[in-house]
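# coordinates only, sequence not included:
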């Protein structure tokens, strides 16, 4: 059996308990404020991030983990006696982390299987869980990678940005689109598609209708493929997430619903208050 190191980035937003129990190595994404870059969960808590975001005179940008940190991690793992690493990173359409990972690993002389999750958040945790389960069963790294990639095809994530203001500041939408959205109370439903790109799938009036659109996606997944667990995802909106969870639990009593924050890197673009759902279909 190969001794495998497990790596991901903060887009997965794993709990500290899960990280500690499974000895997962997490590379922090960066939020670049006017005064400099801060590493998510390392240089700032999420509370501190949103305080900074509200008061920022210049809207921050995001960037992938520092390349030197990646090389240092691989060198450390090599010296610690690991045979290889499996790194599950957020969509290459959103971050260059998965692209730089093999380069950093090669520089360190350490065998690494870098997987483009083609999504972020909750499904990344499910990929790690499946991979570690297969490792315990004695599966070879190549087989584990193959099975993790199958989970990508069953993963879904859709969210409703709190407003278009942050998307405008991030250069994602025009000022005209933001003005019209605010004037007409237009809400966007943004979803990951198969290639890892985030696209607008619906434009509706009011939050309630936007949530219903995502619930329709969940209903279809439950009916056609089965879903065991759903994450109610949010950007510093635990109250809203808890309320939505309670509503959904009544409609789907057989499904386990959990609430989890989205990465600060998502908060930069989607904005504080954002809500969404994510799940992995059973088939």
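Here it is on my side, so go on. Predicted model only: the values in this text are computed from it and were never measured. Residues are numbered from 1 along each chain as shown.

# would you mind listing where the stretch 101-250 of the chain has pLDDT under the threshold?
164-185 (pLDDT under 70).

# could you pull out the helices for it?
For the stretch 101-250 of the chain, applying DSSP state H, counting those that start in this stretch gives helices covering 122-136, 141-152, 165-169, 175-184, 207-224, 238-251.

# of the ones you listed, which is nearest residue 257?
Proximity to residue 257, assessed across those by CB to CB, is greatest for helix 238-251 (4.7 Å). For every residue, glycine as well, the C-beta is placed using N, CA and C.

# picking that back up, so which of the helices of the stretch 101-250 of the chain is nearest residue 37?
Residue 37 sits nearest to helix 165-169 of all the helices of the stretch 101-250 of the chain, at 17.6 Å, using CB to CB.

# hang on, the earlier thing: put together a markdown table for the helices of the stretch 101-250 of the chain, with mean neighbour count on each row.
Formatted as a markdown table, the helices of the stretch 101-250 of the chain follow (neighbours: other CB atoms under 10 Å):
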| stretch | mean neighbour count |
| --- | --- |
| helix 122-136 | 20 |
| helix 141-152 | 16 |
| helix 165-169 | 19 |
| helix 175-184 | 13 |
| helix 207-224 | 16 |
| helix 238-251 | 15 |
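
# okay if I get those as a markdown table plus distance to residue 105?
Putting the helices of the stretch 101-250 of the chain into a markdown table (distance: least, CB to CB, whole Å) gives the following:
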| stretch | distance to residue 105 |
| --- | --- |
| helix 122-136 | 17 |
| helix 141-152 | 13 |
| helix 165-169 | 34 |
| helix 175-184 | 41 |
| helix 207-224 | 35 |
| helix 238-251 | 36 |
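
# any idea which of those helices gets closest to residue 18?
Taking those one by one with CB to CB, helix 122-136 is closest: 7.1 Å.

# so which of the helices of the stretch 101-250 of the chain is nearest residue 159?
Among the helices of the stretch 101-250 of the chain, if distance is taken as CB to CB, the winner is helix 207-224, at 7.9 Å.

# what packs against the closest one?
Packing partners of helix 207-224 (3 or more CB pairs under 8 Å, 6 or more residues apart in numbering; DSSP states H and E): strand 155-160, strand 186-192, strand 198-205, strand 227-234, helix 238-251, strand 275-281.

# for the closest residue to residue 96 other than its chain neighbours, grab the count of nearby residues.
Nearest residue to residue 96 in three dimensions, chain neighbours excluded: residue 64, at 4.7 Å (CB to CB, 6 or more residues apart in numbering). Per other CB atoms under 10 Å, the neighbour tally for residue 64 reads 23.

# before we move on, back to that, between the helices of the stretch 101-250 of the chain, which one is closest to residue 109.
helix 141-152 (16.8 Å).

# OK, contacts around residue 97?
By CB atoms under 8 Å, 6 or more residues apart in numbering, the contact set of residue 97 is 9, 27, 29, 64, 65, 89, 90.

# equivalent analysis for residue 193, please.
Counted by CB under 8 Å, 6+ apart, residue 193 has contacts residue 199.

# if I look at the residue nearest to residue 96, how far off is residue 101?
10 Å (CB to CB, to the nearest Å).

# that older thread, Throw the helices and strands packed on helix 207-224 into JSON lines and include distance to residue 128, thanks.
Output for the helices and strands packed on helix 207-224, formatted as JSON lines (distance: least, CB to CB, whole Å):
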{"stretch": "strand 155-160", "distance to residue 128": "13"}
{"stretch": "strand 186-192", "distance to residue 128": "18"}
{"stretch": "strand 198-205", "distance to residue 128": "22"}
{"stretch": "strand 227-234", "distance to residue 128": "14"}
{"stretch": "helix 238-251", "distance to residue 128": "22"}
{"stretch": "strand 275-281", "distance to residue 128": "12"}
